[in-house]
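S.K.: Just a sequence and a predicted model for now, questions to come.
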Amino acid sequence: MSTLPHRILQVGAEVYPLVKTGGLGDVLGALPSALARLGLDVRLLLPGYPALRKPLTGVRSVCRLGPAFGAASVQVLLGRLPGLEVPVYLIEAPSLYERPGNPYLDGSGEGWADNPQRFGLLGWVAAYLALGDIDPAWRPQLVHGHDWHAGLASAFLALHPSTRCRSVFTVHNLAFHGLFPQALMPTLQLPESSFVSDGLEFHGEGSMIKAGLHYADAITTVSPSYAREIQTPAFGCGLEGVITQRRAQLHGILNGVDYAVWNSATDPRLETHFDARHPERKAAAKAALQRQLGLRVDPGAMLIGVVSRLTPQKGIDLLLEVLPALLNDNVQLALLGSGDADLEAACRALAVVAPGQIVARFDYDETLAHRIIAGVDVIAVPSRFEPCGLTQLYGLRYGSLPLVHRVGGLADTVVDADDKALAADTATGFVFDALTTTALEQAAQRALALYRQPDRWRQMMRRAMTQDFSWGGAAVAYADLYCRVLAAEPERWRPAASAA
Ligand code: ADP
Ligand code: GLC
């Protein structure tokens, strides 16, 4: 058995807590450290946004490059970021990355016009680290890229004549493609020969996500159900053909939860704490939330929470349609979201007609996200599609029972409170099948009926709070996959707790 830890480079575009727009940030903030705890030699490569450059400590310049990808100069730095157990490479290219606000969007909510160059460079640096040209002191054996931002890494590696480095590509959301015009192929240092349908071309444009899907040695996505769904036209976003062709290399590995960050018993963002042994203490978190948001402080109201990007993916429009019918049943809603202007307007309109009962905040606020997930009775995730979904997993740990559409990772993580599951004490939430307002409303009514039976509700809360979705299991699954891709003998990966 090999005793050398495998050198794995993780590549992505955001990382909790410094730069985060959604679940990808949470994953990149936790998975590299979880892999390192198994004994792998892991490093992380990220764009040098100011929010990452400033807190980087122990900084060493490992390589200076000339003009590339539209940047006048590029430098690769190595250092440490707070909260991450692995060393971090940052690409310093001020003209590409030093911009205020969102990592992907300009002030008007459009993708930055030079996103192909910004993330093309990310993939290129990843590949050339693996080829040994950037840091002679550390050369990864495998590059693991996340989402379209890192898709070109797999292409550069596969297209290079002499690489021995392998790549794994993880799809977090197939809806975002990273498209670019053919005219940019030379700027992106891609050979014209790859601009074919059996390459990275997609309907006349280049596609970074297709590059990852086509060229990686193995593909993963973030739940087993989504791995099946994306092979169909309904969920494949036009890429179901290439995914189906590669189904033998496709794996569904469910995301984990970082319980150091999301834990009702210890969460520093909460004023009161609770756990499965004392679920009744959650009442204080609920009252505090109702007070903070200006909801009627009423322990008897069933408080539904939403913490979400406001996009059609998340199905919030369905929830808004159903809510008026629930208002007479003493239901409340606390929503925190940002994104689509029409959805924001619809939330605002509803909040106006039911003050004290519906509150919507349009912001990106990590502390309020924790307080909502902790304080509500039900966390609603009625998504049209959901590759994994993390808020329902966080809700489980905080005894906030998920109300979810049976799709993707939601289907894989929530056990519906049907008669059988209730009798067996395995139920953890409310799952509806058809994507209709009727089905959603019926599931909400089922939740309400159980909410009015406090003993049964508390039993479900306990079951939910004792679910274990920690990162250890996912890290072992990735480590095993890396071994298979490297054709190396699998280590006997063990969770850190028993590895001493
Ligand atoms: P997605 O990645 O599709 O947005 P996930 O459920 O995987 O969905 O992850 C969403 C993450 O983003 C969670 O950590 C959630 O708490 C966070 N989040 C979403 N919207 C907001 C917001 N408006 N403010 C703070 N955190 C948010
Ligand atoms: C994506 C998906 C979400 C998933 C997250 C992390 O943003 O929409 O379902 O949980 O990535 O993998």
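M.R.: Here it is on my side, so go on. Numbering: from 1, shown residues only. Ligands and ions are numbered 1, 2, ... in the order given.

S.K.: Can you tell me which residue of the stretch 151-300 of the chain sits closest to ligand 1?
M.R.: Nearest residue of the stretch 151-300 of the chain to ligand 1: residue 173, at 6.3 Å (Cβ to the nearest ligand atom). Every residue, glycine included, has its C-beta placed from N, CA and C.

S.K.: And the residue nearest to that residue when sequence neighbours are not counted, its phi and psi?
M.R.: Leaving aside its sequence neighbours, residue 173 sits nearest to residue 387 (Cβ to Cβ, 6 or more residues apart in numbering; 5.5 Å). Main-chain dihedrals, residue 387, degrees, to the nearest 10: phi -50, psi -50.

S.K.: who's in contact with residue 327?
M.R.: By Cβ atoms under 8 Å, 6 or more residues apart in numbering, the contact list for residue 327 reads 354, 357-358.

S.K.: between these, which is closest to residue 24?
M.R.: Closest approach to residue 24 among these (Cβ to Cβ): residue 358, at 29.3 Å.

S.K.: Surely the residue nearest to residue 173 and residue 221 touch.
M.R.: Yes. In this structure, residue 387 is within contact of residue 221 by Cβ atoms under 8 Å, at 6.1 Å.

S.K.: Between the two, which is the more surrounded one?
M.R.: residue 387 (30 against 27; other Cβ atoms under 10 Å).

S.K.: Which one of the contacts of residue 327 is nearest to ligand 1?
M.R.: residue 358 (16.5 Å).

S.K.: residues near that closest one, how many?
M.R.: By other Cβ under 10 Å, neighbour count at residue 358 equals 25.

S.K.: Quickly list what it is bridged to.
M.R.: Beta-bridge partners for residue 358, by DSSP bridges, are residue 333.

S.K.: Hmm, it is touching residue 324, no?
M.R.: No. Residue 358 is beyond contact range of residue 324, at 9.6 Å (criterion: Cβ under 8 Å).

S.K.: Not counting its neighbours along the chain, what's nearest the one residue in the chain that gets nearest to ligand 1?
M.R.: Ligand 1 sits closest to residue 23 of the chain, with a gap of 2.2 Å, by Cβ to the nearest ligand atom. In space, and not counting its chain neighbours, residue 23 is closest to residue 390: 4.5 Å by Cβ to Cβ, 6+ apart.

S.K.: next one: residue 441
M.R.: With sequence-adjacent residues excluded and distances taken as Cβ to Cβ, 6+ apart, residue 441 is closest to residue 322, at 4.6 Å.

S.K.: Next, the buried residues of the particular helix or strand that has the one you found in it.
M.R.: Per DSSP states H and E: residue 322 is located in helix 316-326. Buried residues in helix 316-326, counted by 16 or more other Cβ atoms under 10 Å: 316-320, 322-323, 326.

S.K.: Give the other helices and strands that it contacts.
M.R.: Identification of packing neighbours for helix 316-326 by 3 or more Cβ pairs under 8 Å, 6 or more residues apart in numbering; DSSP states H and E yields strand 302-310, strand 331-339, helix 341-353, helix 437-451.

S.K.: contacting residues for the residue in the chain that ligand 2 sits nearest to?
M.R.: Of all residues in the chain, the one sitting closest to ligand 2 is residue 23 (2.8 Å; Cβ to the nearest ligand atom). By Cβ under 8 Å, 6+ apart, residue 23 lies in contact with 172, 255, 388-390.

S.K.: which of these lies closest to residue 340?
M.R.: For the contacts of residue 23, the nearest to residue 340 is residue 389 (18.2 Å; Cβ to Cβ).

S.K.: Am I right that the closest one is in contact with residue 383?
M.R.: Yes. Shown here, residue 389 and residue 383 form a contact pair, counting by Cβ under 8 Å, at 6.8 Å.

S.K.: The two - which one has more neighbours?
M.R.: residue 389 (30 against 24).

S.K.: residue contacts, that one?
M.R.: Residues near residue 389 by Cβ under 8 Å, 6+ apart: 23, 381, 383, 404, 408-410, 413.

S.K.: again with residue 296
M.R.: Contacts of residue 296 (Cβ under 8 Å, 6+ apart): 290, 332, 356-357.

S.K.: Can you tell me which of those residues are buried?
M.R.: The buried subset of those - by 16+ other Cβ under 10 Å - is 290, 332, 357.

S.K.: nearest spatial neighbour of residue 171, skipping sequence neighbours?
M.R.: Nearest non-adjacent residue to residue 171, counting by Cβ to Cβ, 6+ apart: residue 221, 4.4 Å away.

S.K.: Same question for residue 22.
M.R.: Spatial nearest neighbour of residue 22, chain neighbours left out: residue 309 (5.8 Å); criterion: Cβ to Cβ, 6+ apart.

S.K.: Check the burial of that neighbour by counting its neighbours.
M.R.: 16.

S.K.: just residue 183 next, same as before
M.R.: Neighbour count for residue 183, taken as other Cβ under 10 Å: 8.

S.K.: Residue 190: which element?
M.R.: Per DSSP H and E, there is no helix or strand for residue 190.

S.K.: didn't it look like it was pressed against residue 207?
M.R.: No. Residue 190 is beyond contact range of residue 207, at 11.7 Å (criterion: Cβ under 8 Å).

S.K.: joint contacts of the two?
M.R.: Both residue 190 and residue 207 are contacted by residue 200, under the criterion Cβ under 8 Å, 6+ apart.

S.K.: still on that earlier bit, common neighbours of residue 387 and residue 221, please.
M.R.: Between them, residue 387 and residue 221 share these contacting residues under Cβ under 8 Å, 6+ apart: 171-172, 174.

S.K.: May I see the contacts of residue 23 organised as a markdown table, with pLDDT added?
M.R.: Shown next, in a markdown table, are the contacts of residue 23 (pLDDT from 0 to 100):
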| residue | pLDDT |
| --- | --- |
| 172 | 98 |
| 255 | 98 |
| 388 | 98 |
| 389 | 98 |
| 390 | 98 |
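
S.K.: Among those, which ones lie close to ligand 2?
M.R.: Applying Cβ under 6 Å from any ligand atom to the contacts of residue 23, one finds that 172, 255, 388-390 fall near ligand 2.

S.K.: one step back: how many neighbours does the residue of the stretch 151-300 of the chain closest to ligand 1 have?
M.R.: 21.

S.K.: so how far is residue 129 from it?
M.R.: Counting by Cβ to Cβ, to the nearest Å, the gap from residue 173 to residue 129 is 25 Å.

S.K.: Reformat the ones next to ligand 2 among the contacts of residue 23 as JSON lines; add secondary structure.
M.R.: Output for these, formatted as JSON lines (DSSP: H, G, I helix; E, B strand; the rest coil):
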{"residue": "172", "secondary structure": "coil"}
{"residue": "255", "secondary structure": "coil"}
{"residue": "388", "secondary structure": "coil"}
{"residue": "389", "secondary structure": "coil"}
{"residue": "390", "secondary structure": "coil"}
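
S.K.: which of the residues you listed lies closest to residue 279?
M.R.: For these, the nearest to residue 279 is residue 390 (21.6 Å; Cβ to Cβ).

S.K.: Hmm, residue 26 and that closest one touching each other?
M.R.: Yes. In this structure, residue 390 is within contact of residue 26 by Cβ under 8 Å, at 5.7 Å.

S.K.: Could you tell me which residues touch both of those two?
M.R.: Joint contacts of residue 390 and residue 26 (Cβ under 8 Å, 6+ apart) are residue 255.
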